[in-house]
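Enquirer: A structural model of the following input is requested.
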Amino acid sequence: EILLVGFMLLITGLFLAMTYYAPQRSGKVTWGRSLLIGLSQAVAILPGISRSGATISTALLLGVEKEKAAKFSFLMVIMPILGGSALKLFDFFKNPEMAEGISQWVLVLGFLSAFFSGLVACKWMITIVKKGKLIYFAFYCFIVGSIAIIISL
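Expert: I've put the predicted structure just below:
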């Protein structure tokens, strides 16, 4: 599986690098573009494909304005998060003893810290995308992907 992750990281890096050379346009997210961006999010189910990297790079390659591409990518993650949370909640209702011994305050603190760190990460990522610095993530993906491939061989 490490070999697959390595190759998928190289693909993620390739798409991120392509955005560096793509002409900057100020297009909007249309129905057709959103469908293609959504398909790239579906491909991100593969290990090593970054969901945000796939959606942002697809949007940029389709000509969507940088800030809109980043914001749309983060809006797109809401449904999978809510779906995953709903599934976990159903599991909890089926088996409530799985939460035995966990303080409600710990859960609240965990939720709040995840929420606020997520907001900070979103703001930071939007700034990075606006500045066109995705090429750094591309290099990271190339390096880590290559190491993963070498280790797996």
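
Enquirer: which strands or helices does the longest helix anywhere in the chain pack on?
Expert: Taking DSSP state H as the criterion, the chain has its longest helix at helix 104-130. Using 3 or more C-beta pairs under 8 Å, 6 or more residues apart in numbering; DSSP states H and E, the elements in contact with helix 104-130 are helix 51-61, helix 66-76. Heads up, the C-betas are built off the backbone N, CA and C, glycines and all.

Enquirer: where among these is average confidence lowest?
Expert: Mean pLDDT is lowest for helix 66-76 among the helices and strands packed on helix 104-130, at a mean of 91.

Enquirer: just want the angle from the very next helix or strand once past it to helix 51-61.
Expert: Of the helices and strands lying after helix 66-76 in sequence (DSSP states H and E), the nearest is helix 78-94. Relative orientation of helix 78-94 versus helix 51-61 (axes from the mean of the first three to the mean of the last three C-alpha atoms, to 10 degrees): 160 degrees.

Enquirer: how about Phe7, what does it touch?
Expert: Residues in contact with Phe7 (C-beta atoms under 8 Å, 6 or more residues apart in numbering) are Gly48, Gly145, Ile149.
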